[in-house]
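Peer 1: Just to be clear, the model below is a prediction. Sequence and coordinates:
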Amino acid sequence: MLSLWMRAAVGRQQALVVILCLLKMGSVAAQARYSIPEEQSEGSFVGNIARDLGLDLQRLLSGNARIITKDSKQYVDLNRDKGILVIKERIDREELCGKTTPCSFSFEVILENPIQLYRVTVEVIDVNDNSPSFQKDEINLKIVESVAPGTRFSLVSAEDPDVGINDIQKYLLKPLDHFKLEVQNQPDGGTFIEIVLQNTLDREKEETHTLVLIASDGGEPRRSGTVRIHINVLDANDNAPVCSQSVYKAEVRENSPEGTVVTTVGADDLDKGLYGEVTFSIPHVGKEAKQLFDVNIKTGEIKVAGKVDFEKSKTYQLNVQASDHGGYSDTCKVIIQVIDENDNAPTIQLMSFSNLISEDSPPGTTIAVVNVDDEDSERNGLVRCSINSDVPFKIESSLTGYYTIVTENILDRETFPEYNITITVSDQGSPPLSNSKNINVKISDVNDNPPQFGRSEYTVSIPENNSPGFSVFAVSATDADWGQNARLSYFLEDKQINGVAIMSLLSVNSDSGVIHALKSLDYEQIKWFDFNITARDAGSPPLSSVATVKIIVQDQNDNPPQVLYPVQTGGSLVAEMVPRSADVGYLVTKVVAVDVDSGQNAWLSYKLQKATDRALFEVGSQNGEIRTIRQVTDKDAVKQRLTVIVEDNGQPSRSATVIVNVAVADSFPEVLSEFTDFPHDKEYNDNLTFYLVLALAVVSFLFITCLVVIISVKIYRWRQSRILYHSNLPVIPYYPPRYSDTLGTGTLPHVYNYEVCRTTDSRKSDNKFGGAGGQNVLIMDPSSTGTMQRIQSEKSILDEPDSPLEVS
Ligand SMILES: *[C@@H]1O[C@H](CO)[C@@H](O)[C@H](O)[C@H]1NC(C)=O
């Protein structure tokens with residue numbers, strides 16, 4: 001071992017490096033060990049830490065490598081650019097370690113991101129920079145002349161702060177004519193020096209003797225120290241004091257109050273008087289021990305005189321001199337053992353700490369490195385470090401005295417945004433001492449929560465004919481994350497509704513989620529539709545969720561009833577014929593109307609508004625059937641004009657009126673003569689030129705003549721058939737396809753009675769709606785077929801019963 005240090009000392013800058021790779025925790029990778037001689041000048045090279053720990057220079061810079069030391073002094077500095085350790089402050093091995101050998105100090109090199117901790121130990125090699133020295137330059141001894149040869153006189157030994165070979169190696173006494181030197185190495189490492197009388201002294205011959213004692217060390221170069229010993233030869237004193245015990249052993253608790261008795265030394269002297277009176281003193285004692293202990297000069301009681309600190313020194317040795325007044329003395333050795341008290345609380349030092357940790361950090365992520373220390377020894381210095389158990393962190397020991405706090409579980413900022421961690425450290429003394437430190441850790445947000453709608457499906461009713469820009473509804477979602485991760489935007493999901501893009505019907509405010517209608521909705525076109533709304537947060541990557549909104553369009557009474565029969569056209573004239581023989585309750589015709597609204601808005605009722613003869617006809621308020629209410633008489637006018645009003649049940653209600661012309665006659669000529677002056681003819685004639693009128697008159701005359709002939713024949717045949725079947729059933733009005741009020745409720749179920757009637761043999765099997773209907777209806781408008789087609793085409797559009805959207 002010694003030779004190793006020697007080599008290092010000789011090679012000065014070439015430090016001996018021992019690297020112990022001890023992999024314990026992730027944060028502690030290795031240890032490095034260097035040896036350097038003491039007293040190196042500032043900036044001297046200590047070791048290439050980067051090379052020895054296998055770190056590249058970039059890592060040192062990025063990890064903000066630095067030295068952490070518990071001591072008040074930092075002897076070594078880290079040159080981060082070169083990756084080397086250099087001397088920062090001159091090291092005095094004697095100041096650092098005293099007599100302790102080997103002498104070393106440790107510190108940690110810490111790197112962050114991730115945290116890594118390296119322990120570096122530097123051994124300081126002694127240099128022979130101190131000479132042996134005696135406490136005094138001169139020692140005065142009084143020796144009675146009668147002392148026999150072989151009597152021993154103890155001397156205080158020299159001291160050299162250096163160690164090993166640089167410590168004192170030998171003593172030399174000159175001259176040797178009366179005394180010889182005896183050197184004993186003591187078990188506690190000290191040296192006990194005595195001079196032994198060889199020849200009897202004779203005061204009368206020589207009253208004083210002067211000796212020189214030289215202590216020299218083994219360093220290179222050799223150093224030495226001297227003391228002069230002046231001996232006064234006294235007159236006889238026969239007996240020397242004798243210590244009752246040659247070695248006293250005592251124990252003292254550290255921190256004992258001043259005045260505590262440690263032990264009492266005693267000595268006997270057989271002489272009488274002054275020569276037999278023993279006094280005690282501690283003549284040669286280290287500076288420290290002198291302040292701590294006092295000996296009572298008379299009783300030999302040793303008391304505590306200062307603050308005894310176990311942490312400074314564990315044992316003291318006192319050489320108590322018992323002297324009589326005649327110059328004799330004896331040395332009583334007192335070895336005092338200091339007993340440790342648990343007087344130092346453990347300390348906690350935060351070495352590295354990141355107070356913000358991402359919530360997606362995996363278990364085992366280091367958040368702090370702490371160093372704990374206790375200056376006491378044994379159980380009093382044995383520390384245990386823990387943290388409160390209600391946090392998802394655990395503490396692990398990474399290196400003696402070092403602990404890392406790591407995450408134990410998955411963190412969730414939404415549940416706990418921060419934690420207070422209490423680090424508690426306690427020793428095992430009795431009573432134990434403890435210390436604690438609080439740290440606050442904040443959890444930073446990660447976008448791990450999708451937005452959440454209050455409901456997955458919303459149903460909203462809006463009345464039709466809304467104004468564009470009408471605010472329909474507001475959706476709202478929440479996001480448990482924070483900041484940008486919780487900032488939500490709303491989007492419409494593109495969708496086609498029967499070829500119409502949803503975007504053209506509705507818009508959503510991306511910030512507020514308010515849905516506006518862009519167009520007026522029409523219940524008759526679209527009864528309901530649904531679409532999806534996406535809420536998306538602004539995290540990276542963003543998260544989103546979808547809700548479905550179903551819009552139900554509510555009907556309003558925005559359509560008046562439409563009369564399908566009798567057909568009302570400008571230029572046509574349809575008249576229902578009632579034979580004069582008709583009975584009470586004779587069904588003249590039926591007003592057929594529809595309303596494209598629904599429900600109450602399409603519930604129709606019929607009323608007779610005006611009539612030529614109110615006493616003759618009534619209208620079924622539910623079914624629109626016009627019937628006679630009394631027997632037709634010959635006095636009744638041929639031409640009867642009824643105005644029927646059709647109202648729906650909406651709020652407010654809408655209505656339509658229809659004029660029904662009724663001819664009370666038995667024959668067509670009768671009818672014609674009455675109807676020729678119907679006022680609508682005048683409208684026609686207004687714009688015709690004279691020639692047109694003339695031409696029309698001629699054509700009409702020819703046509704009517706032919707018609708009268710044909711009708712006459714027909715009437716003849718009809719009368720024949722009437723005799724055969726004698727049916728008094730009334731008119732079958734012209735029903736547009738698919739419309740027939742069979743139930744008389746005013747609503748129009750989709751029953752296609754009309755076709756059914758037409759496909760049976762109307763003359764024979766379905767005589768209820770007897771075949772004469774067609775002849776009972778007089779259609780005098782050549783354009784009426786065109787009107788029917790138009791109505792039919794409208795109906796076929798309306799009659800798509802199951803489609804949610806009806807677009808015409
Ligand atoms: C942590 O401690 C601080 C200060 O004492 C306190 O304001 C905060 O509420 C504590 N937080 C938790 C999560 O306990």
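Peer 2: Great, that's in hand.
Peer 1: Tell me which residue of the stretch 451-600 of the chain lies closest to the ligand.
Peer 2: The ligand sits closest to residue 482 of the stretch 451-600 of the chain, with a gap of 15.7 Å, by Cβ to the nearest ligand atom. The way it works is simple: take the backbone N, C-alpha and C, and place the C-beta from them, glycine included.
Peer 1: Okay, now the unreliable bits of the stretch 201-350 of the chain?
Peer 2: 235, 237-238, 286-288 (pLDDT under 70).
Peer 1: what about the strands in it?
Peer 2: For the stretch 201-350 of the chain, strands defined by DSSP state E, counting those that start in this stretch occupy the ranges 208-217, 224-234, 242-243, 247-253, 261-264, 267-268, 279-281, 293-295, 301-304, 315-323, 329-339, 347-353.
Peer 1: Pick the most deeply packed of those strands.
Peer 2: Most buried of the strands of the stretch 201-350 of the chain, by mean neighbour count (mean count of other Cβ atoms under 10 Å): strand 293-295, with a mean of 22.
Peer 1: other SSEs contacting that strand?
Peer 2: Contacts defined by 3 or more Cβ pairs under 8 Å, 6 or more residues apart in numbering; DSSP states H and E place strand 293-295 against strand 301-304, strand 315-323.
Peer 1: ok, residues contacting it?
Peer 2: 262, 265, 280-282, 301-306, 316, 318, 320, 336 (Cβ atoms under 8 Å, 6 or more residues apart in numbering).
Peer 1: Same check on stretch 202-213?
Peer 2: Stretch 202-213 is contacted from outside by 134, 145, 155, 158, 171-175, 178-179, 181, 193, 195, 201, 226-235, using Cβ under 8 Å, 6+ apart.
Peer 1: Apart from its chain neighbours, what residue comes closest to residue 301?
Peer 2: Among residues not flanking residue 301 along the chain, residue 264 sits closest, at 4.6 Å (Cβ to Cβ, 6 or more residues apart in numbering).
Peer 1: right, and that neighbour touches residue 300 too?
Peer 2: Yes. The pair residue 264 and residue 300 passes the contact test of Cβ atoms under 8 Å, sitting 5.3 Å apart.
Peer 1: Bridging across strands, which residues link to residue 280?
Peer 2: When assigned by DSSP bridges, residue 280 has beta-bridge partners residue 322.
Peer 1: That one reaches residue 318, doesn't it?
Peer 2: No. Judged on Cβ under 8 Å, residue 280 makes no contact with residue 318 at a distance of 10.3 Å.
Peer 1: can I assume residue 50 sits in a helix?
Peer 2: Yes. According to DSSP: H, G, I helix; E, B strand; the rest coil, residue 50 belongs to a helix.
Peer 1: how much space between residue 662 and residue 136?
Peer 2: Computed as Cβ to Cβ, to the nearest Å, the residue 662 to residue 136 distance reads 159 Å.
Peer 1: now what about stretch 604-614, what contacts it?
Peer 2: The contact list for stretch 604-614 (Cβ under 8 Å, 6+ apart) reads 561, 591, 593-595, 617-624, 636-637, 639-649, 657, 746-747.
Peer 1: Filter those down to just the ones in helices.
Peer 2: Residues of these located in helices (DSSP state H): none.
Peer 1: my hunch is that residue 421 is in a strand, does that hold up?
Peer 2: Yes. Counting by three-state DSSP, residue 421 is located in a strand.
Peer 1: circling back: from residue 391, how far off is the residue of the stretch 451-600 of the chain closest to the ligand?
Peer 2: As judged by Cβ to Cβ, residue 482 and residue 391 stand 20 Å apart.
Peer 1: now do residue 41
Peer 2: From residue 41 to residue 391 the distance is 50 Å (Cβ to Cβ).
Peer 1: go on, residue 56?
Peer 2: From residue 56 to residue 391 the distance is 36 Å (Cβ to Cβ).
Peer 1: Those two - which one has more neighbours?
Peer 2: Neighbours were counted for residue 56 and for residue 391 using other Cβ atoms under 10 Å; residue 391 has more, 17 against 11.
Peer 1: shouldn't the more buried one be in contact with residue 419?
Peer 2: Yes. Between residue 391 and residue 419 there is a contact under Cβ under 8 Å: 4.7 Å.
Peer 1: Near residue 271, how many other residues are there?
Peer 2: A count of nearby residues for residue 271, using other Cβ under 10 Å, gives 19.
Peer 1: Identify the residues contacting the strand or helix carrying residue 435?
Peer 2: Per DSSP states H and E, residue 435 falls inside strand 434-444. Residues from elsewhere that reach strand 434-444 (Cβ under 8 Å, 6+ apart): 345-348, 350, 353, 355-359, 367-368, 370, 393, 411-413, 416-427.
Peer 1: Give the pairing partners of that strand; include direction for each.
Peer 2: Going by DSSP bridges, the partners of strand 434-444 are strand 356-358 (parallel), strand 418-427 (antiparallel).
Peer 1: Off-centre distance for the shortest one?
Peer 2: On the basis of Cα atoms, centre = their mean, to the nearest Å, strand 356-358 is displaced by 9 Å from the centre of the chain it belongs to.
Peer 1: So which residues make contact with that strand?
Peer 2: Contact with strand 356-358 is made by 365, 367, 407, 411, 441, 442, 443, 444, 446, as judged by Cβ under 8 Å, 6+ apart.
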